[in-house]
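[1] Okay, predicted coordinates and the sequence, questions at the end:
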Amino acid sequence: MPIPEANPVKLSQWDALILESLKSQESSADELLQRVQAGQLPIDDSKFQFDYTRLTELASEDLATFEQAVRHGYQIKYNTLRGIASWILVVFGQEAELQLEPGHEAVVASLTAEQYKRLTAVLSHGWVVRGEQAATPDASTTTYVIEPLVRG
């Protein structure tokens, strides 16, 4: 989902995860917006235990901005390694590999070209995504390493 504006809506990492989780349960943006505004939200029984009422709060604070995030995408304000791995799990349904060795921290995931495009659109500033060659020439996914641009 491309972000059409130079200044995309910014969401916290947690708000983005909650939104993506609910989006996976709804058939359309209109239905999601309707349910959020009406407060008719499901109970999340995933390992994350998302509280979808947070989305109702966001919508009531600024409906136009929330609607833009739902319909046109967003950028995450600040990502963490575990947050990126969680986003990949929630959005693409796949477990990413976390590399936590000091000085070499990264998230590794096999993504399609479309998934790569979607991930890079939402990542906060300060992250680099490097692709590695696919195992076979006709493979539909590429392994990517997502790492901090600057290490502390």
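    Yep, that arrived.

[2] residue boundaries of the helices in this structure?
    With helices called from DSSP state H, the chain shows them at 13-23, 29-38, 53-61, 63-72, 81-92, 113-122.

[3] mind listing what's buried in the third one?
    Right, the one you point to is helix 53-61. 54-56, 58-59 (16 or more other Cβ atoms under 10 Å). Where C-beta positions appear, they are placed from N, C-alpha and C, glycine not excepted.

[4] Let me know the closest of those residues to residue 77.
    Nearest to residue 77 among the buried residues of helix 53-61 is residue 58, at 13.1 Å by Cβ to Cβ.

[5] State the distance from that closest one to residue 109.
    According to Cβ to Cβ, to the nearest Å, residue 58 and residue 109 sit 27 Å apart.

[6] what residue is smack in the middle of this structure?
    By Cα atoms, centre = their mean, the chain has its centre lying nearest to residue 87, at 4.3 Å.

[7] Hmm, residue 57 and residue 66 touching each other?
    No - under the contact definition of Cβ atoms under 8 Å, residue 66 does not touch residue 57, with a separation of 9.6 Å.

[8] distance of residue 83 from residue 59?
    Taken as Cβ to Cβ, the span from residue 83 to residue 59 is 22 Å.

[9] wait, I meant residue 102
    40 Å.

[10] Can you give me the buried ones in the least confident helix or strand in the chain by mean pLDDT?
    Counting by mean pLDDT, DSSP states H and E, the chain has its least confident helix or strand at strand 127-132, which shows a mean of 90. By neighbour count with 16+ other Cβ under 10 Å, strand 127-132 contains the buried residues 127, 129.
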